[in-house]
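K.L.:
Here is my input; please provide its structure:
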Amino acid sequence: MAKLWGLHMPVGIGLSAIENNRVSIGWKHMGDLSALPKDREAIKAAVASAYPDKKQGAIPVEAGVIYRFVHEIKAGDYVVYPSKHDRVVNLGRFTGELAFEEGPADDDDGYPNSRLVEWLGHFPRSEFSQSALYEIGSFLTLFLVKNHTSEFLAKIDPNVQNDNEPDQDAVPDDDSVSSTVTRQAEETTEDFVIKRIHAGLSGHEFEHFIAHLLERMGYTVRVTQKSSDGGVDVIAHNDKLGFEPPIIKVQCKRTTNQINETEVRELLGTLVEGEYGLFVTLGPFAQKVRQSERNLSKLRLIDGEQLFELIVTHYASLSPRYRTLIPLRQIYVPDLV
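P.N.:
Now for the predicted structure:
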(Lines give C-alpha, C1' and ligand atoms only; values in the text may rest on other atoms or scores of the structure.)
Protein backbone atom coordinates (compact mmCIF):
# COMPACT_ATOMS: atom_id res chain seq x y z
CA MET A 1 0.00 0.00 0.00
CA ALA A 2 1.70 3.20 -1.19
CA LYS A 3 1.56 6.63 0.37
CA LEU A 4 1.71 9.90 -1.55
CA TRP A 5 3.86 12.60 0.02
CA GLY A 6 3.78 16.25 -0.99
CA LEU A 7 7.00 18.23 -0.79
CA HIS A 8 8.07 21.86 -1.29
CA MET A 9 11.58 23.02 -2.19
CA PRO A 10 13.12 26.38 -3.16
CA VAL A 11 13.54 26.96 -6.89
CA GLY A 12 17.29 26.26 -7.02
CA ILE A 13 17.00 23.10 -4.92
CA GLY A 14 14.01 21.99 -6.98
CA LEU A 15 15.92 22.32 -10.27
CA SER A 16 18.72 20.20 -8.86
CA ALA A 17 16.19 17.68 -7.54
CA ILE A 18 14.70 17.08 -10.99
CA GLU A 19 18.13 16.80 -12.65
CA ASN A 20 19.65 14.53 -9.98
CA ASN A 21 16.64 12.33 -9.17
CA ARG A 22 16.27 13.29 -5.54
CA VAL A 23 14.33 15.49 -3.13
CA SER A 24 16.02 17.46 -0.37
CA ILE A 25 15.20 19.29 2.85
CA GLY A 26 17.14 21.83 4.90
CA TRP A 27 18.09 22.01 8.59
CA LYS A 28 21.77 22.09 7.69
CA HIS A 29 22.85 22.92 11.25
CA MET A 30 21.40 19.62 12.47
CA GLY A 31 23.80 17.63 10.30
CA ASP A 32 22.90 14.13 9.14
CA LEU A 33 19.22 13.73 10.02
CA SER A 34 19.38 9.94 9.69
CA ALA A 35 21.22 9.87 13.03
CA LEU A 36 18.15 11.22 14.85
CA PRO A 37 16.20 8.69 16.95
CA LYS A 38 12.65 7.65 16.11
CA ASP A 39 11.31 9.89 18.86
CA ARG A 40 9.40 13.12 18.20
CA GLU A 41 10.32 14.69 21.54
CA ALA A 42 14.03 14.03 20.96
CA ILE A 43 13.78 15.62 17.49
CA LYS A 44 12.01 18.67 18.94
CA ALA A 45 14.86 19.06 21.42
CA ALA A 46 17.42 18.74 18.62
CA VAL A 47 15.67 21.44 16.57
CA ALA A 48 15.51 23.79 19.57
CA SER A 49 19.21 23.20 20.31
CA ALA A 50 20.36 23.77 16.72
CA TYR A 51 18.14 26.83 16.21
CA PRO A 52 17.83 28.61 19.60
CA ASP A 53 16.12 31.65 18.00
CA LYS A 54 13.36 29.53 16.47
CA LYS A 55 9.80 30.43 17.52
CA GLN A 56 8.39 27.92 19.98
CA GLY A 57 5.32 27.34 17.82
CA ALA A 58 7.45 26.41 14.81
CA ILE A 59 9.52 23.74 16.58
CA PRO A 60 6.84 20.97 16.68
CA VAL A 61 5.97 21.61 13.03
CA GLU A 62 9.57 21.37 11.84
CA ALA A 63 10.24 18.37 14.06
CA GLY A 64 7.23 16.67 12.51
CA VAL A 65 8.59 17.27 9.00
CA ILE A 66 11.99 15.85 9.94
CA TYR A 67 10.40 12.81 11.64
CA ARG A 68 8.37 11.97 8.54
CA PHE A 69 11.30 12.51 6.16
CA VAL A 70 13.63 10.29 8.22
CA HIS A 71 11.36 7.62 9.68
CA GLU A 72 8.04 7.41 7.80
CA ILE A 73 8.88 7.63 4.09
CA LYS A 74 9.52 4.18 2.61
CA ALA A 75 10.96 3.02 -0.69
CA GLY A 76 7.99 2.60 -3.04
CA ASP A 77 6.07 5.57 -1.63
CA TYR A 78 5.18 8.30 -4.11
CA VAL A 79 6.04 12.01 -4.05
CA VAL A 80 4.45 15.05 -5.65
CA TYR A 81 6.57 18.19 -5.98
CA PRO A 82 4.83 21.30 -7.41
CA SER A 83 7.62 23.38 -8.96
CA LYS A 84 6.53 27.00 -9.11
CA HIS A 85 9.31 28.18 -11.46
CA ASP A 86 7.83 26.23 -14.39
CA ARG A 87 4.22 25.62 -13.20
CA VAL A 88 4.72 21.85 -13.34
CA VAL A 89 3.52 19.10 -11.00
CA ASN A 90 6.32 16.52 -10.73
CA LEU A 91 5.41 12.97 -9.70
CA GLY A 92 7.88 10.30 -8.67
CA ARG A 93 8.59 7.27 -6.50
CA PHE A 94 11.03 7.04 -3.59
CA THR A 95 13.72 4.44 -4.33
CA GLY A 96 16.20 4.42 -1.45
CA GLU A 97 17.29 5.45 1.98
CA LEU A 98 18.24 8.86 3.34
CA ALA A 99 21.45 10.42 1.99
CA PHE A 100 23.56 13.23 3.48
CA GLU A 101 25.88 15.49 1.51
CA GLU A 102 27.41 18.35 3.45
CA GLY A 103 27.69 21.56 1.42
CA PRO A 104 30.01 24.59 1.76
CA ALA A 105 30.55 25.81 5.32
CA ASP A 106 29.31 29.31 4.48
CA ASP A 107 26.03 28.05 2.98
CA ASP A 108 23.52 28.69 5.77
CA ASP A 109 20.60 27.72 3.54
CA GLY A 110 21.97 24.34 2.47
CA TYR A 111 19.73 21.35 1.83
CA PRO A 112 22.11 18.47 2.65
CA ASN A 113 19.57 15.73 3.48
CA SER A 114 18.05 13.94 0.50
CA ARG A 115 16.12 10.90 -0.63
CA LEU A 116 16.53 9.35 -4.07
CA VAL A 117 13.52 9.55 -6.37
CA GLU A 118 12.62 8.04 -9.72
CA TRP A 119 10.68 10.77 -11.51
CA LEU A 120 7.72 9.23 -13.36
CA GLY A 121 6.08 12.25 -14.96
CA HIS A 122 5.96 16.04 -15.16
CA PHE A 123 2.53 17.55 -15.78
CA PRO A 124 1.21 21.12 -16.28
CA ARG A 125 -0.79 22.43 -13.32
CA SER A 126 -3.73 22.99 -15.67
CA GLU A 127 -4.25 19.21 -15.86
CA PHE A 128 -5.33 19.03 -12.20
CA SER A 129 -8.43 20.25 -10.40
CA GLN A 130 -8.17 23.46 -8.40
CA SER A 131 -8.95 21.63 -5.16
CA ALA A 132 -6.09 19.18 -5.82
CA LEU A 133 -3.69 22.06 -6.46
CA TYR A 134 -4.89 23.73 -3.27
CA GLU A 135 -4.12 20.60 -1.25
CA ILE A 136 -0.50 20.42 -2.44
CA GLY A 137 -0.10 24.10 -1.52
CA SER A 138 0.26 23.04 2.12
CA PHE A 139 2.19 25.28 4.51
CA LEU A 140 4.44 22.31 5.39
CA THR A 141 7.68 21.35 3.68
CA LEU A 142 6.60 17.69 3.73
CA PHE A 143 3.04 16.39 4.15
CA LEU A 144 0.71 13.52 3.31
CA VAL A 145 -1.65 14.05 0.38
CA LYS A 146 -4.95 12.70 1.69
CA ASN A 147 -7.87 13.99 -0.36
CA HIS A 148 -6.68 13.89 -3.98
CA THR A 149 -4.22 11.00 -3.96
CA SER A 150 -6.06 9.11 -6.69
CA GLU A 151 -6.17 12.16 -8.98
CA PHE A 152 -2.40 12.55 -8.81
CA LEU A 153 -1.45 8.87 -8.99
CA ALA A 154 -3.83 8.28 -11.92
CA LYS A 155 -1.39 10.29 -14.03
CA ILE A 156 1.34 7.68 -13.57
CA ASP A 157 -0.43 4.47 -12.55
CA PRO A 158 -4.23 4.27 -12.25
CA ASN A 159 -3.94 0.88 -10.51
CA VAL A 160 -1.96 2.15 -7.52
CA GLN A 161 -3.70 1.88 -4.15
CA ASN A 162 -2.80 4.05 -1.19
CA ASP A 163 -3.27 3.98 2.57
CA ASN A 164 -2.84 7.67 3.36
CA GLU A 165 -4.29 8.50 6.74
CA PRO A 166 -4.40 11.75 8.69
CA ASP A 167 -0.96 12.52 10.09
CA GLN A 168 -0.10 14.16 13.41
CA ASP A 169 1.06 17.57 12.23
CA ALA A 170 1.33 20.20 14.93
CA VAL A 171 -0.71 23.36 14.60
CA PRO A 172 1.36 25.94 12.68
CA ASP A 173 2.13 29.40 14.01
CA ASP A 174 0.19 32.40 12.72
CA ASP A 175 2.97 33.67 10.43
CA SER A 176 3.26 30.27 8.72
CA VAL A 177 -0.46 30.15 8.09
CA SER A 178 -0.58 33.76 6.83
CA SER A 179 2.35 33.19 4.46
CA THR A 180 0.69 30.06 3.12
CA VAL A 181 -2.63 31.84 2.61
CA THR A 182 -0.84 34.56 0.65
CA ARG A 183 1.07 32.08 -1.51
CA GLN A 184 -2.02 29.98 -2.17
CA ALA A 185 -4.07 33.04 -3.08
CA GLU A 186 -1.44 34.04 -5.64
CA GLU A 187 -1.10 30.53 -7.06
CA THR A 188 -4.87 29.98 -7.20
CA THR A 189 -5.36 33.23 -9.11
CA GLU A 190 -2.52 32.40 -11.48
CA ASP A 191 -3.96 28.94 -12.14
CA PHE A 192 -7.40 30.47 -12.75
CA VAL A 193 -6.09 33.03 -15.25
CA ILE A 194 -4.02 30.49 -17.20
CA LYS A 195 -6.92 28.02 -17.38
CA ARG A 196 -9.41 30.68 -18.50
CA ILE A 197 -7.12 31.86 -21.29
CA HIS A 198 -6.34 28.31 -22.41
CA ALA A 199 -10.00 27.26 -22.45
CA GLY A 200 -11.51 30.52 -23.68
CA LEU A 201 -9.21 31.50 -26.56
CA SER A 202 -8.18 29.70 -29.74
CA GLY A 203 -4.58 29.88 -30.89
CA HIS A 204 -5.29 32.83 -33.20
CA GLU A 205 -7.39 34.58 -30.53
CA PHE A 206 -4.47 34.17 -28.13
CA GLU A 207 -2.28 36.04 -30.61
CA HIS A 208 -4.78 38.92 -30.63
CA PHE A 209 -4.85 38.90 -26.83
CA ILE A 210 -1.05 39.19 -26.64
CA ALA A 211 -1.17 41.99 -29.23
CA HIS A 212 -3.77 43.80 -27.10
CA LEU A 213 -1.65 43.38 -23.97
CA LEU A 214 1.39 44.79 -25.77
CA GLU A 215 -0.72 47.78 -26.86
CA ARG A 216 -1.66 48.39 -23.22
CA MET A 217 2.09 48.37 -22.50
CA GLY A 218 2.60 51.19 -24.99
CA TYR A 219 3.63 49.37 -28.18
CA THR A 220 2.14 49.73 -31.66
CA VAL A 221 1.29 46.24 -32.90
CA ARG A 222 -0.17 44.25 -35.75
CA VAL A 223 -1.11 40.59 -35.96
CA THR A 224 0.30 38.72 -38.98
CA GLN A 225 -1.78 36.69 -41.43
CA LYS A 226 -2.65 33.19 -40.19
CA SER A 227 -1.48 31.41 -43.34
CA SER A 228 2.10 32.61 -43.70
CA ASP A 229 3.46 34.05 -40.49
CA GLY A 230 6.76 32.12 -40.70
CA GLY A 231 6.76 31.61 -36.94
CA VAL A 232 5.95 35.27 -36.24
CA ASP A 233 2.43 35.96 -34.94
CA VAL A 234 2.67 39.59 -33.84
CA ILE A 235 4.96 42.47 -34.81
CA ALA A 236 5.46 45.26 -32.26
CA HIS A 237 7.41 48.53 -32.38
CA ASN A 238 7.69 51.88 -30.63
CA ASP A 239 6.95 54.28 -33.51
CA LYS A 240 3.47 54.57 -35.00
CA LEU A 241 4.41 53.43 -38.51
CA GLY A 242 6.80 50.66 -37.57
CA PHE A 243 9.79 51.83 -39.60
CA GLU A 244 12.18 52.61 -36.76
CA PRO A 245 14.14 49.89 -34.96
CA PRO A 246 13.92 48.05 -32.74
CA ILE A 247 11.19 45.87 -34.22
CA ILE A 248 9.91 43.05 -32.01
CA LYS A 249 8.76 39.81 -33.60
CA VAL A 250 6.47 37.84 -31.31
CA GLN A 251 5.62 34.16 -31.38
CA CYS A 252 2.60 33.10 -29.31
CA LYS A 253 1.91 29.53 -28.16
CA ARG A 254 -1.37 28.85 -26.36
CA THR A 255 -0.06 25.73 -24.67
CA THR A 256 0.69 24.75 -21.10
CA ASN A 257 3.29 22.19 -22.22
CA GLN A 258 7.02 22.89 -22.06
CA ILE A 259 8.54 24.85 -24.95
CA ASN A 260 11.74 23.34 -26.39
CA GLU A 261 14.73 24.70 -28.29
CA THR A 262 13.35 23.82 -31.74
CA GLU A 263 10.34 26.09 -31.34
CA VAL A 264 12.40 29.03 -30.12
CA ARG A 265 14.99 28.49 -32.85
CA GLU A 266 12.23 28.95 -35.44
CA LEU A 267 11.58 32.45 -34.11
CA LEU A 268 15.28 33.33 -33.99
CA GLY A 269 15.61 32.29 -37.64
CA THR A 270 13.28 35.12 -38.71
CA LEU A 271 15.34 37.91 -37.14
CA VAL A 272 17.53 40.33 -39.07
CA GLU A 273 19.50 43.41 -38.01
CA GLY A 274 17.46 45.69 -35.72
CA GLU A 275 14.91 43.00 -34.82
CA TYR A 276 14.28 41.23 -31.53
CA GLY A 277 12.39 38.05 -30.69
CA LEU A 278 9.73 37.66 -28.01
CA PHE A 279 8.24 34.21 -27.29
CA VAL A 280 5.05 34.13 -25.17
CA THR A 281 3.43 30.96 -23.87
CA LEU A 282 1.11 29.78 -21.09
CA GLY A 283 3.51 27.03 -20.02
CA PRO A 284 7.19 26.79 -19.04
CA PHE A 285 10.38 26.83 -21.11
CA ALA A 286 12.95 24.03 -21.04
CA GLN A 287 16.03 24.86 -18.97
CA LYS A 288 18.27 24.87 -22.06
CA VAL A 289 15.96 27.46 -23.64
CA ARG A 290 16.30 29.66 -20.56
CA GLN A 291 20.08 29.36 -20.81
CA SER A 292 19.87 30.50 -24.45
CA GLU A 293 17.92 33.57 -23.37
CA ARG A 294 20.70 34.56 -20.98
CA ASN A 295 23.23 34.34 -23.82
CA LEU A 296 21.17 36.10 -26.51
CA SER A 297 20.40 39.79 -26.02
CA LYS A 298 17.91 39.66 -28.91
CA LEU A 299 15.68 37.04 -27.25
CA ARG A 300 13.08 37.47 -24.51
CA LEU A 301 10.92 34.66 -23.11
CA ILE A 302 7.64 35.10 -21.24
CA ASP A 303 6.19 31.99 -19.60
CA GLY A 304 2.82 31.53 -17.89
CA GLU A 305 3.92 32.99 -14.56
CA GLN A 306 5.44 36.10 -16.16
CA LEU A 307 2.42 36.53 -18.44
CA PHE A 308 0.16 36.40 -15.39
CA GLU A 309 2.18 39.18 -13.74
CA LEU A 310 1.86 41.35 -16.86
CA ILE A 311 -1.89 40.74 -17.00
CA VAL A 312 -2.31 41.76 -13.36
CA THR A 313 -0.16 44.87 -13.86
CA HIS A 314 -2.18 46.07 -16.87
CA TYR A 315 -5.53 44.52 -15.95
CA ALA A 316 -7.37 47.81 -15.42
CA SER A 317 -6.60 48.93 -18.98
CA LEU A 318 -7.61 45.68 -20.71
CA SER A 319 -10.70 45.78 -22.93
CA PRO A 320 -14.03 44.65 -21.38
CA ARG A 321 -13.90 41.51 -23.52
CA TYR A 322 -10.74 40.26 -21.84
CA ARG A 323 -11.77 41.39 -18.36
CA THR A 324 -14.96 39.37 -18.84
CA LEU A 325 -12.92 36.36 -19.89
CA ILE A 326 -10.66 36.81 -16.84
CA PRO A 327 -12.83 38.32 -14.08
CA LEU A 328 -10.60 39.53 -11.24
CA ARG A 329 -10.95 41.86 -8.30
CA GLN A 330 -8.28 43.33 -6.06
CA ILE A 331 -7.80 42.01 -2.54
CA TYR A 332 -5.15 42.47 0.14
CA VAL A 333 -3.29 39.55 1.70
CA PRO A 334 -0.52 39.43 4.34
CA ASP A 335 2.92 40.29 2.93
CA LEU A 336 5.19 38.12 5.07
CA VAL A 337 7.43 36.65 2.37
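K.L.:
since we're on I311, how many residues are nearby?
P.N.:
Counted by other Cβ atoms under 10 Å, the residues lying close to I311 total 20. All C-beta spots, glycine's among them, are computed from the backbone N, C-alpha and C.
K.L.:
any idea how far it lies from T189?
P.N.:
Here I311 is placed at a distance of 10 Å from T189 (Cβ to Cβ, to the nearest Å).
K.L.:
Mind listing residues that contact stretch 73-82?
P.N.:
2-9, 14, 17, 23, 88-97, 115, 117, 125, 133, 136-137, 145, 152-153, 156, 160, 162 (Cβ atoms under 8 Å, 6 or more residues apart in numbering).
K.L.:
Now do the buried residues in it.
P.N.:
The neighbour-count check on stretch 73-82 (16 or more other Cβ atoms under 10 Å) flags I73, D77, Y78, V79, V80, Y81, P82 as buried.
K.L.:
Among those, which ones are in strands?
P.N.:
If you go by DSSP state E, these have Y78, V79, V80, Y81, P82 in strands.
K.L.:
In space, not sequence, find me the middle residue of the chain.
P.N.:
The chain has K84 as the residue nearest its centroid, 1.4 Å off, counting by Cα atoms, centre = their mean.
K.L.:
and it, how far is that from D191?
P.N.:
For K84, the distance to D191 - Cβ to Cβ - is 11 Å.
K.L.:
Disregarding flanking residues, what is the spatial nearest neighbour of R254?
P.N.:
F206 (3.9 Å; Cβ to Cβ, 6 or more residues apart in numbering).
K.L.:
Next up, the contacts around the one you found.
P.N.:
I197, C252, R254.
K.L.:
That one looks like it's in a strand, true?
P.N.:
No: counting by DSSP: H, G, I helix; E, B strand; the rest coil, F206 is not found in a strand; it is helix.
K.L.:
ok, so of the ones in strands among the buried residues of stretch 73-82, who is nearest V232?
P.N.:
P82 (33.5 Å; Cβ to Cβ).
K.L.:
how close does the closest one sit to I13?
P.N.:
Following Cβ to Cβ, the distance that separates P82 from I13 is 14 Å.
K.L.:
ok, now F128?
P.N.:
In terms of Cβ to Cβ, F128 sits 23 Å off from I13.
K.L.:
When those two are compared, which one has more neighbours?
P.N.:
F128 (21 against 18).
K.L.:
Now do the same contact list for that one.
P.N.:
V89, H148, E151, F152.
K.L.:
7 Å instead?
P.N.:
F128 sits next to V89, E151 when contact means Cβ atoms under 7 Å, 6 or more residues apart in numbering.
K.L.:
Would you list the phi and psi of H122?
P.N.:
H122 adopts backbone torsions of phi -130, psi 120, taken as degrees, to the nearest 10.
K.L.:
re earlier: for the ones in strands among the buried residues of stretch 73-82, which one is nearest E305?
P.N.:
Using Cβ to Cβ, those come closest to E305 at P82, 12.6 Å.
K.L.:
partner residues bridging that closest one?
P.N.:
Following DSSP bridges, P82 is listed with bridge partners V89.
K.L.:
Figure out how far the helix or strand where F123 lies is from the centre of its chain.
P.N.:
F123 belongs to strand 113-124 when elements are defined using DSSP states H and E. In terms of Cα atoms, centre = their mean, to the nearest Å, the centre of strand 113-124 is set 14 Å apart from its chain centre.
K.L.:
Please enumerate residues in contact with the helix or strand that it is followed by?
P.N.:
For strand 113-124, the following helix or strand on the C-terminal side (DSSP H and E) is helix 130-135. Helix 130-135 is contacted from outside by R125, V145, N147, H148, E151, F152, Q184, T188, D191, using Cβ under 7 Å, 6+ apart.
K.L.:
Surely Q251 is in contact with R265?
P.N.:
No: taking contacts as Cβ atoms under 7 Å, Q251 lies outside contact range of R265: 10.9 Å.
K.L.:
Neighbour count for these two, which is higher?
P.N.:
Set Q251 next to R265 and count neighbours by other Cβ under 10 Å: Q251 wins out with 24 against 12.
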